[in-house]
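Peer 1: Next comes the sequence, and after it the predicted model I'd like to discuss.
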Amino acid sequence: MEIIIQPDPEAAAKKAAHIFAQTIRSNPKAVLGLATGSTPLPLYRELVAAKLDWSAITTFNLDEYTGIGPGHPQSYHSFMREHLFQHVNIDPARIHIPDGLTLDTEASCRQYEEKIRNAGGIDLQLLGIGSDGHIGFNEPTSSLASRTRIKTLTERTRRDNARFFGSAQEVPLHVITMGIGTILDTRRVLLLASGEGKADAIAGAVEGPITAMNPASALQLHERAVFCLDEAAASKLQRIDYYKWVYNNKPTWQQ
Ligand code: PGA
């Protein structure tokens, strides 16, 4: 795991945006895994400002609420349109987001996995992290081998996301999310986290045991996982000085 610690959320997002921009420039046909939530907003702003060529880029979003359509203001379809897709030259046929209105969830989830495989797999996957350690919407006790499927949100996540809906009761109970196994299959993972509210989840994910109680800890099994954190999200890491030391003393070829 590579742990990058930056002074504030904007600086962390800038680092993450740089990694995404580099990927898009070096591989104009890259397959990107995308995330929603408050944390990636500054990252998407940076990517829009970078004026990259998205015409041959393919994207797969991590998750979507069920029961609300793509036109609902709080759907992740709307989120992606508003914060990224309408600002870049992406081909709409290359955008993939789970279908929250499907009448056949199992088939729809199976097809989502197939589409990822047919696209050649995900080159770079963006992740946020929930205060309970969830990645995508894989809540604690999700199988570490799970694939795209329906999940039930915890009360904590519904409270965390109430700010978007008005109240926790209005946050859909069920979601469709890529599984932890799906995420572990991606070639590279970039987890972006900021704020004190994520510090316990980050400490558990990076330095705790691998456990379904902290789904992000499964990333310890990923060959190329980068955690891009601000100081607050990194504040409960025991080896914070070591991670900074490693980052500041990279061999020249790796910088
Ligand atoms: P947030 O959500 O960026 O809005 O904190 C992250 C997540 O739940 O994965």
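Peer 2: Arrived safely, thanks for sending.

Peer 1: where along the stretch 1-150 of the chain do the helices fall?
Peer 2: Under the criterion DSSP state H, counting those that start in this stretch, the stretch 1-150 of the chain contains helices at 9-26, 41-49, 76-83, 105-118.

Peer 1: Looking at these, which is nearest to the ligand?
Peer 2: Of all these, helix 41-49 sits nearest to the ligand, with 8.2 Å by Cβ to the nearest ligand atom. Glycine gets a C-beta too; all of them are placed from N, C-alpha and C.

Peer 1: who does the closest one touch, helix- and strand-wise?
Peer 2: Helix 41-49 makes packing contacts with helix 9-26, helix 76-83 when contacts are defined by 3 or more Cβ pairs under 8 Å, 6 or more residues apart in numbering; DSSP states H and E.

Peer 1: which parts of stretch 164-172 are buried?
Peer 2: 165, 168, 171, 172 (16 or more other Cβ atoms under 10 Å).

Peer 1: Now do the buried residues in stretch 76-94.
Peer 2: In stretch 76-94, counting by 16+ other Cβ under 10 Å, buried: 76-81, 83-85, 87-88, 90, 94.

Peer 1: Show residues contacting that stretch.
Peer 2: Identification of contacts with stretch 76-94 by Cβ atoms under 8 Å, 6 or more residues apart in numbering yields 34, 36, 40-41, 44-45, 47-48, 52-59, 61, 63-65, 69-72, 95, 97, 100.

Peer 1: hmm, which of the residues you listed are the buried ones?
Peer 2: Among the contacts of stretch 76-94, the ones that count as buried by 16+ other Cβ under 10 Å are 34, 36, 40, 44-45, 47-48, 52, 54, 57-59, 61, 63-65, 95, 97, 100.

Peer 1: Could you tell me which of the residues you listed belong to strands?
Peer 2: 34, 58, 59, 61, 63, 64, 65, 95 (DSSP state E).

Peer 1: mind checking how far the first one is from the ligand?
Peer 2: Spelled out, that is residue 34. 12 Å (Cβ to the nearest ligand atom, to the nearest Å).

Peer 1: Within range of the ligand, give me the residues from the stretch 101-250 of the chain.
Peer 2: Within the stretch 101-250 of the chain, the positions near the ligand by Cβ under 6 Å from any ligand atom are 128, 129, 130.

Peer 1: closest to the ligand among those residues?
Peer 2: Set against the ligand, the nearest of these by Cβ to the nearest ligand atom is residue 128 (3.2 Å).

Peer 1: related to what we said a few turns ago, need the helices of the stretch 1-150 of the chain in CSV with mean pLDDT, can you?
Peer 2: Listed next are these as CSV, based on pLDDT from 0 to 100:
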stretch, mean pLDDT
helix 9-26, 98
helix 41-49, 98
helix 76-83, 98
helix 105-118, 98
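
Peer 1: Next, count neighbours for residue 210.
Peer 2: Here the number of neighbours of residue 210 (other Cβ atoms under 10 Å) works out to 13.

Peer 1: just residue 121 next, same as before
Peer 2: Residues near residue 121, counting by other Cβ under 10 Å, number 13.

Peer 1: So which bits of stretch 236-244 are buried?
Peer 2: Neighbour-count burial for stretch 236-244 flags 236, 237, 240, 243 (criterion: 16+ other Cβ under 10 Å).

Peer 1: What lies in contact with that stretch?
Peer 2: 3, 4, 5, 199, 200, 202, 203, 206, 207, 234.

Peer 1: for the record, mean pLDDT for that stretch?
Peer 2: In this model, stretch 236-244 carries a mean pLDDT of 97.

Peer 1: Show me how far it is from its chain's centre.
Peer 2: From the chain centre to the centre of stretch 236-244 is a distance of 23 Å (Cα atoms, centre = their mean, to the nearest Å).

Peer 1: can you check stretch 229-240 too?
Peer 2: With Cα atoms, centre = their mean, you get 19 Å for stretch 229-240.

Peer 1: Endpoints of it, how far apart?
Peer 2: Across stretch 229-240, the terminal residues are separated by 11 Å (Cα to Cα, to the nearest Å).

Peer 1: which residues of the stretch 151-255 of the chain fall in helices?
Peer 2: Applying DSSP H, counting those that start in this stretch to the stretch 151-255 of the chain gives helices spanning 155-160, 162-165, 180-184, 199-207, 231-234, 240-248.
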